[in-house]
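Engineer: have a look; sequence and predicted model below, questions after that.
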Amino acid sequence: MKEDIIGRREEIRELERLYGSGKAEFVAVYGRRRVGKTFLVKQLFEKELVFSVAGLANEKTKKQLKNFYKTLQLYDKSIKTAPQDWLDAFDLLTRYLVSLGEGRKVILLDELPWMDTPRSGFIAALEHFWNGWASMRKDIMLVVCGSVSSWIMDKLINNHGGLHNRITKRMLLQPFNLAETEEMLQSVGLNLSRYEVAETYMIFGGIPFYLSMFDASKSLSQNVDALLFDKNAAFADEFDNLYASLFRNSEDYIKIVTCLSKNRNGLTRDEIIKETGVASGGAISKILKNLEICGFIRRYAMLGGDARRNLYQLLDFFTLFHFHFLANGRARKSHFWASMQGTPAFYAWAGLSFEMLALQHAEQIKGKLGISGVMTEEYAWVKPGASDVGGAQVDLAIVRKDKTVNLCEMKFCETPYLLDKDEDMKLRIRLKLFKETLPSPTYSIQLTLVSSFGLAKGKYASTFQNEVTLDDLFR
C-alpha cells in the first residue's frame, strides 16, 4: 500500500485487488471537484499507467480528439495519423496497447464527461472499445474519472445500452474526515489545534485540494482570508465553478441548495418545488438524487413523522459557508475572517456547521458510545409548534436495536459547555415531548452532549448521560 497517500485506505485496497484480479476491469472513480480522484489513481499506479489523458473543459469534439491524439503520441511516437472521429481514436489506442506486449496495463481516461460532446459519438466508440476488445483481455484495467457525477451515473453506471452492467467497480470518492483533514494539514506544515482543524473542516469540508493550498507560514484566519476573501483570492469563483463542473444545467442545482441553505431542518420535495420553481417530475428527482450522491444534501426521515415525507437537508460545508459569508460578494475584503472571530455571525454559522460535522461523523460518535456493533438507525426530530422550548428539535437521534435512544445535543464552543438552569429546563421539556414520539414506552433515552471540549462541572451536568468531545470525532 502506498504510504505517501493520505487516507483512502479502503479505496487503495480495492484498487490493488482489482489490479491483481487477472481479468479485465472497468472502474469508474467519481466524486466532487477537488476531492482527489486523479491524484489517487496516478499516485497509486504511478509505474503501471501506460496511458493517461484528460478531457478538456468546455471544448468541442475537434479539440477533444486533437488532445487525445497529441497525448497518445507522447506514449507512441510511431503514431502519425490523426483520428477523424472517436472510433479512430480508440482504434489508435488499441493498436498502441497491443504493441506493449504482455503485462498488466492501466489506462486512465480522466474527466471523461468533457470528452462526450454533443453528437460526437464518444459513448458508442467507448462501448466498441470495451465490448469489442478490452473486456476480452486479461491484461486491461480501464479507469475512468469524472467530476460530473450525474454524467457518470447516467452514461456509465445506469447505462441501458451497450455499457449496461459493464462497470466492474464503481467508486465514489468522499471528502476526508476530521482525522484525515488533520493529517493533510500536518503534511503541508500546519500544526493546528483540533478546534482550528474543526473550523477548517466546517469551511472547506475536508476537500484535499483546498487543504493543499494552505500556507504553513500563515495562521488559519490568514489562510482563509487569502483563499476566499482577499482581492485576488484563489477560490473567489469556486462556488460557481464547483456546481458548473459537477452538474450540467447547474442553475437548477444552485436554486435548490440556495433554498435549502435557508431552511435548517430541510424541506420536502414538494416544498422545494414550491420555493424554487423547478419543474416537478423526473428532472427534480434526478437533481435531488445527484445532489445526494455527491454528498451536498441528505435525504432523511423524521422520527415519528410520515414515512412518505422524506426531507432534504443541506449537508455541504463550503456551500453553507458561501451563503453565510460569500454570496453576492458582500464580504470581499482583506482580513475579513480574522475580524469575524467571536462575532454573533460567526457563532450562528459555527453552530449550524458543527451540527453538520457531527452528522457526518456519526460512526465516530457511535464508537465513543461503545455501540459500533449495535444495529442503529439515525433520525432527526422536530416537534411542530413547540417554540417555547427553542423549537423542540433534535438533529441526531440514534435509535438502537437494544431499545435505547441516544438523543444528541450539539454545542460548538471555545470552552467546556456549562449547562445552566434555562437550558436544562428546555432539555427536560424536549425530552418529555420526544418520549411521546417513541414507538414503544419500553425505550430508554440517554441525553448525549456532542461538543468541542466536553461538559463543564455544574449543578445541571448530570442531565447528560454521555458526552462526546471533538477529540472523539478524530478517531
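Structural biologist: Great, that's in hand.
Engineer: assign the residue nearest to residue 363 when sequence neighbours are not counted to helix, strand or coil.
Structural biologist: Leaving aside its chain neighbours, residue 363 sits nearest to residue 372 (7.2 Å; criterion: CB to CB, 6 or more residues apart in numbering). In short, each C-beta sits where N, CA and C put it, glycine included. Put simply, residue 372 is coil when judged by DSSP: H, G, I helix; E, B strand; the rest coil.
Engineer: let me know the pLDDT of residue 372.
Structural biologist: Per-residue confidence (pLDDT) for residue 372: 90.
Engineer: ok, it to residue 364 distance?
Structural biologist: Plainly put, residue 372 is 9 Å away from residue 364 if you go by CB to CB, to the nearest Å.
Engineer: which of those two has more residues huddled nearby?
Structural biologist: More neighbours surround residue 364 than the other of residue 372 and residue 364, with 20 against 12 (other CB atoms under 10 Å).
Engineer: wait, that one sits on residue 473?
Structural biologist: Yes - shown here, residue 364 and residue 473 form a contact pair, counting by CB atoms under 8 Å, at 4.9 Å.
Engineer: and for these two, which residues touch both?
Structural biologist: Common neighbours of residue 364 and residue 473, using CB atoms under 8 Å, 6 or more residues apart in numbering, are residue 178.
Engineer: run the chain-centre distance for the least confident helix or strand in the chain by mean pLDDT.
Structural biologist: Lowest mean confidence among the helices and strands of the chain (mean pLDDT, DSSP states H and E): helix 149-151, at a mean of 76. Relative to the centre of its chain, helix 149-151 is centred 14 Å away, using CA atoms, centre = their mean, to the nearest Å.
Engineer: same thing with stretch 213-228?
Structural biologist: Centroid separation between stretch 213-228 and its chain, computed with CA atoms, centre = their mean, is 22 Å.
Engineer: contacting residues around that stretch?
Structural biologist: In contact with stretch 213-228 (CB under 8 Å, 6+ apart) are residues 185, 188-190, 192, 196, 199-200, 203, 210, 233-236, 325-326, 334-338, 341.
Engineer: and stretch 324-343, by the same measure?
Structural biologist: For stretch 324-343, using CB under 8 Å, 6+ apart, the contacting residues are 221-222, 224-225, 228-231, 233, 236, 239, 345-346, 348-349.
Engineer: stretch 92-101 now?
Structural biologist: Against stretch 92-101 from outside (CB under 8 Å, 6+ apart): 50-51, 69, 72, 75-76, 79, 81, 83, 105, 107, 129, 133-134, 140.
Engineer: with just CA atoms, put it into PDB.
Structural biologist: Only the C-alpha atoms of stretch 92-101 are listed here, as PDB (Å, rounded to 0.1, in the frame of the first residue of the first chain):
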ATOM      1  CA  LEU A  92      -5.200   4.000 -32.300                       C
ATOM      2  CA  LEU A  93      -5.300   3.400 -28.500                       C
ATOM      3  CA  THR A  94      -5.900  -0.300 -29.100                       C
ATOM      4  CA  ARG A  95      -3.000  -0.600 -31.500                       C
ATOM      5  CA  TYR A  96      -0.700   1.100 -29.000                       C
ATOM      6  CA  LEU A  97      -1.800  -1.200 -26.200                       C
ATOM      7  CA  VAL A  98      -1.300  -4.300 -28.300                       C
ATOM      8  CA  SER A  99       2.200  -3.100 -29.200                       C
ATOM      9  CA  LEU A 100       3.200  -3.200 -25.500                       C
ATOM     10  CA  GLY A 101       3.100  -6.900 -25.300                       C
END
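Engineer: quick one: mean pLDDT over that stretch.
Structural biologist: 97.
Engineer: try stretch 68-86
Structural biologist: Mean pLDDT, stretch 68-86: 96.
Engineer: and it, how far apart are its ends?
Structural biologist: End-to-end distance for stretch 68-86: 9 Å, by CA to CA, to the nearest Å.
Engineer: find the nearest non-adjacent residue to residue 394, please.
Structural biologist: residue 381 (4.4 Å).
Engineer: who's in contact with the one you found?
Structural biologist: Contacts of residue 381 were listed using CB under 8 Å, 6+ apart, and they are 302, 303, 304, 393, 394, 397, 434, 437.
Engineer: give me that answer again for 10 Å
Structural biologist: Applying CB atoms under 10 Å, 6 or more residues apart in numbering, we find residue 381 in contact with 265, 302-305, 392-397, 405, 407, 430, 433-434, 437.
Engineer: what subset of those residues is buried?
Structural biologist: By neighbour count, with 16 or more other CB atoms under 10 Å, the contacts of residue 381 hold 302-303, 305, 392-397, 405, 407, 430, 434, 437 as buried.
Engineer: show me the helices in the stretch 151-300 of the chain, by range?
Structural biologist: Taking DSSP state H, counting those that start in this stretch as the criterion, the stretch 151-300 of the chain contains helices spanning 178-187, 194-204, 208-212, 220-224, 238-246, 250-261, 269-276, 282-293.
Engineer: could you save these as a markdown table and add columns showing mean neighbour count, distance to residue 33 and mean pLDDT?
Structural biologist: A markdown table is the format used below for the helices of the stretch 151-300 of the chain (neighbours: other CB atoms under 10 Å; distance: least, CB to CB, whole Å; pLDDT from 0 to 100):
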| stretch | mean neighbour count | distance to residue 33 | mean pLDDT |
| --- | --- | --- | --- |
| helix 178-187 | 20 | 17 | 96 |
| helix 194-204 | 22 | 13 | 97 |
| helix 208-212 | 20 | 8 | 95 |
| helix 220-224 | 21 | 19 | 96 |
| helix 238-246 | 19 | 5 | 85 |
| helix 250-261 | 19 | 12 | 92 |
| helix 269-276 | 16 | 23 | 92 |
| helix 282-293 | 17 | 14 | 87 |
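Engineer: and residue 23, which of those helices is closest to it?
Structural biologist: helix 282-293 (27.6 Å; CB to CB).
Engineer: what angle separates the closest one from helix 250-261?
Structural biologist: 70 degrees (axes from the mean of the first three to the mean of the last three CA atoms, to 10 degrees).
Engineer: packing partners of helix 282-293?
Structural biologist: Judged by 3 or more CB pairs under 10 Å, 6 or more residues apart in numbering; DSSP states H and E, the packing partners of helix 282-293 are helix 149-151, helix 238-246, helix 250-261, helix 269-276, strand 297-300, strand 311-314.
Engineer: the helix or strand containing residue 467 pairs with which strands, parallel or anti?
Structural biologist: In the assignment (DSSP states H and E), residue 467 maps to strand 466-468. Here strand 466-468 has these sheet partners by DSSP bridges: strand 444-451 (parallel).
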